[in-house]
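K.L.:
no FASTA, just this:
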């Protein structure tokens, strides 16, 4: 399908007065790029409703962005770029459906009529109000009938508007592999009839948890890249925070949405200090706290307080509370490890996970000494579920090193190295190994 | 409404060694299932139980062999063809379907153009 031309312009979304009619291509290109970042999810979600098919919706939205560059260069950037793009994309979809009978015969996306709710009012063609379908889109992408890796890929593709090549690169798989993953997931949505809707109240907690898990997974994949020369992949981290902010806007009363956004903000506040200028990994105790992002810490802390207020805090709110205690300690020695340990106990009850147990063991070592932490880690080793998890031998090595048990520490560092592909992390472990290995 | 096949995969040996009371319970669960499906707004188009895989004969080309296509611990033991609004509804029905010695698989029925 080729890009549509400026002749397809919607009449009701014209240029804003005073934006000039000159051929300002660079300004238009900036506006298109900006609209791609800010409006993609809204435009695609609203177009999917009329296109009745995710592939068709994507094509029409891409076409709308192509025609926007031309039209906005000629006529100026419209007052509401999202509405302009949505109207253009939806008209194109309706047009194509009218002309193409094979498209009409495709199994349509199951869209329920827009119910009452924010942005959903009156809403169809003609009223000028476009329903905000972003939540439907993200819940569809993160449906439990799709594999986790498909949920992640679809979310990046459909909600964030990333290309298949970009997603493939982020997850270190080939482009054809990622393309096949995305295609298969879309086919399942139409073939198995996964509905395009926000789940009803009884299913909402579980379904929301899946959405938050996907966003968190995106963040952690970016926070410590699975391989390569850089510790952090800024693009993925920024996308994850953007998604968390979007969810917060769309579901302002969900404590776990607040919890997730707070967790990401508080963790990300340390981003600039996690590596030395030479790329070397810096531990929490070595980081320059004056360089932490104070506004992000303040915003995150306020959000944690709000998320904890409702009672029975969930796993994201509790993780955020732990991150807030770290972020607010004036110096590493001032860290309130007792309180952190108490929060890990609560977290361990809200979320049964060996990774949580490992983090608790580290907090326990800080509160009660390395032996206590080692005992807890030893239990986890026997449990076996963390076999292959690089942070277990790394944490164990650190505690053994602090106890002066150099030989055992060296062995654990070697174990951790075997499991680690991220170069800054490897450098750190190699350095520590050299420190504990008997010279010669 | 769309059609889904619910395939019941269970461990056959558990049925072979089950007490008459357990078999009675299974029978009653299946009888209840039909009513439960209607309460969700769906319906059962048809349903059958299969003889165990020891009675299966495989045919591949002209070659006839004793036994199922693939030996697995859990085998297809029966199915329901149901009507549901969408996958979520079909999965709700799938969760109600009795399968105490295994689980069920929910598969959408393919719809062909012009049929």
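P.N.:
In hand now; what should we look at? Just so we're clear, the structure is a prediction, and the values are computed from it rather than from any experiment.
K.L.:
up against chain A, what does chain B have?
P.N.:
Contact residues, chain B versus chain A (C-beta under 8 Å from any C-beta of the partner chain): B:2, B:85, B:86, B:87, B:88, B:90, B:91, B:106, B:108, B:110, B:111, B:113. C-beta: built from backbone N, CA, C; applies to glycine.
K.L.:
run the last query once more with 6 Å
P.N.:
B:2, B:86, B:87, B:108, B:113 (C-beta under 6 Å from any C-beta of the partner chain).
K.L.:
so where do the helices sit in the stretch 301-440 of chain A?
P.N.:
Assignment of helices within the stretch 301-440 of chain A using DSSP state H, counting those that start in this stretch yields the ranges A:315-328, A:337-350, A:354-368, A:370-383, A:391-402, A:406-418, A:423-436.
K.L.:
residues of chain A that sit close to chain B?
P.N.:
With C-beta under 6 Å from any C-beta as the criterion, chain A meets chain B at residues A:105, A:110, A:145, A:191, A:192, A:193, A:194, A:195.
K.L.:
top of the residues you listed by neighbour count?
P.N.:
residue A:194 (24 neighbours; other C-beta atoms under 10 Å in any protein chain shown).
K.L.:
quick check: next helix or strand after the helix or strand bottoming out on mean pLDDT in chain A?
P.N.:
Sorted by mean pLDDT, DSSP states H and E, the helices and strands of chain A end with helix A:101-105, the least confident at a mean of 76. On the C-terminal side of helix A:101-105, the closest following helix or strand by DSSP states H and E is helix A:134-141.
K.L.:
which strands and helices sit next to the host helix or strand of residue B:48?
P.N.:
Here residue B:48, judged by DSSP H and E, is contained in strand B:43-49. The contact analysis (3 or more C-beta pairs under 6 Å, 6 or more residues apart in numbering or on different chains; DSSP states H and E) places strand B:43-49 against strand B:74-84.
K.L.:
same thing but at 8 Å, please
P.N.:
helix B:20-39, strand B:74-84 (3 or more C-beta pairs under 8 Å, 6 or more residues apart in numbering or on different chains; DSSP states H and E).
K.L.:
of all the ones you listed, which one is nearest residue A:82?
P.N.:
Among these, the nearest to residue A:82 by C-beta to C-beta is strand B:74-84 (35.3 Å).
K.L.:
okay, the angle between the closest one and helix B:20-39?
P.N.:
Relative orientation of strand B:74-84 with respect to helix B:20-39: 30 degrees, computed using axes from the mean of the first three to the mean of the last three C-alpha atoms, to 10 degrees.
K.L.:
point out where the stretch 101-250 of chain A drops to low pLDDT.
P.N.:
Along the stretch 101-250 of chain A, segments meeting pLDDT under 70 span A:114-128, A:226-229, A:231-232.
K.L.:
next: chain B.
P.N.:
Where chain B drops to pLDDT under 70, the residues are B:113-115.
K.L.:
and the residue of it that's closest to chain A?
P.N.:
When distances are taken as C-beta to the nearest C-beta, chain B reaches nearest to chain A at residue B:86, 4.2 Å away.
K.L.:
re the thing from before, need the helices and strands packed on strand B:43-49 in CSV with mean neighbour count, can you?
P.N.:
Output for the helices and strands packed on strand B:43-49, formatted as CSV (neighbours: other C-beta atoms under 10 Å in any protein chain shown):
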stretch, mean neighbour count
helix B:20-39, 13
strand B:74-84, 20
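K.L.:
in TSV: these, plus distance to residue A:358.
P.N.:
Formatted as TSV, these follow (distance: least, C-beta to C-beta, whole Å):
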stretch	distance to residue A:358
helix B:20-39	42
strand B:74-84	34
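K.L.:
distance of residue A:154 from chain B?
P.N.:
Here residue A:154 is placed at a distance of 15 Å from chain B (C-beta to the nearest C-beta, to the nearest Å).
K.L.:
quick one: distance of stretch A:277-287 to the chain centre.
P.N.:
On the basis of C-alpha atoms, centre = their mean, to the nearest Å, stretch A:277-287 sits 24 Å off its chain's mean C-alpha point.
K.L.:
relative to residue A:239, how far out is the closest residue to residue A:167 other than its chain neighbours?
P.N.:
Of all residues not flanking residue A:167 in the chain, residue A:156 sits nearest, at 4.8 Å (C-beta to C-beta, 6 or more residues apart in numbering or on different chains). According to C-beta to C-beta, to the nearest Å, residue A:156 stands 7 Å off from residue A:239.
K.L.:
so what's the residue count around residue 60?
P.N.:
Picked chain A for this. 28.
K.L.:
please go with chain B instead
P.N.:
Residue B:60, neighbours per other C-beta under 10 Å, totals 8.
K.L.:
follow-up on the earlier one: flag every buried residue along the least confident helix or strand of chain A.
P.N.:
Judged by neighbour count (16 or more other C-beta atoms under 10 Å in any protein chain shown), helix A:101-105 contains these buried residues: residue A:103.
K.L.:
sorry, back to before: quick check: neighbours shared by residue A:156 and residue A:239?
P.N.:
A:162, A:218 (C-beta atoms under 8 Å, 6 or more residues apart in numbering or on different chains).
K.L.:
columns mean neighbour count, distance to residue A:251 and mean pLDDT on top of the helices of the stretch 301-440 of chain A, output as TSV?
P.N.:
Putting the helices of the stretch 301-440 of chain A into TSV (neighbours: other C-beta atoms under 10 Å in any protein chain shown; distance: least, C-beta to C-beta, whole Å; pLDDT from 0 to 100) gives the following:
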stretch	mean neighbour count	distance to residue A:251	mean pLDDT
helix A:315-328	24	13	96
helix A:337-350	17	19	95
helix A:354-368	19	25	95
helix A:370-383	16	35	94
helix A:391-402	22	31	95
helix A:406-418	19	39	95
helix A:423-436	17	35	93
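K.L.:
now those as a markdown table including distance to residue A:270?
P.N.:
Below are these laid out as a markdown table (distance: least, C-beta to C-beta, whole Å):
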| stretch | distance to residue A:270 |
| --- | --- |
| helix A:315-328 | 7 |
| helix A:337-350 | 16 |
| helix A:354-368 | 16 |
| helix A:370-383 | 22 |
| helix A:391-402 | 17 |
| helix A:406-418 | 22 |
| helix A:423-436 | 15 |
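K.L.:
contacts for stretch A:377-397?
P.N.:
In contact with stretch A:377-397 (C-beta under 8 Å, 6+ apart) are residues A:354-355, A:357-358, A:361-362, A:373-374, A:399, A:409-410, A:412-413, A:415-416, A:419-420, A:425, A:429, A:432, A:436.
K.L.:
next one: it to chain centre, how far?
P.N.:
Distance of stretch A:377-397 from the chain centroid (C-alpha atoms, centre = their mean) equals 27 Å.
K.L.:
span of that stretch from start to end?
P.N.:
Terminal residues of stretch A:377-397 are spaced 11 Å apart (C-alpha to C-alpha, to the nearest Å).
K.L.:
look up how far residue A:54 lies from the residue of the stretch 201-350 of chain A found nearest chain B.
P.N.:
Closest residue of the stretch 201-350 of chain A to chain B, C-beta to the nearest C-beta: residue A:203 (7.6 Å). For residue A:203, the distance to residue A:54 (C-beta to C-beta) stands at 22 Å.
K.L.:
which one's more surrounded, those two?
P.N.:
residue A:54 (25 against 14).
K.L.:
OK, contacts around residue B:14?
P.N.:
Residues in contact with residue B:14 (C-beta under 8 Å, 6+ apart) are residue B:101.
K.L.:
for it, phi and psi?
P.N.:
Main-chain torsions, residue B:14, degrees, to the nearest 10: phi -70, psi -40.
K.L.:
any idea how far it is from residue B:76?
P.N.:
15 Å.
K.L.:
so residue A:161 is in contact with residue A:41, correct?
P.N.:
Yes. Between residue A:161 and residue A:41 there is a contact under C-beta atoms under 8 Å: 7.3 Å.
K.L.:
okay, these two: which has more neighbours?
P.N.:
The neighbour comparison of residue A:161 against residue A:41 (other C-beta under 10 Å) goes to residue A:41, with 24 against 20.
K.L.:
contact partners for the closest residue in space to residue A:367 that isn't next to it in sequence?
P.N.:
Closest residue to residue A:367 in three dimensions, ignoring its sequence neighbours and counting by C-beta to C-beta, 6+ apart: residue A:337, at 4.1 Å. Residues in contact with residue A:337 (C-beta under 8 Å, 6+ apart) are A:363, A:366, A:367.
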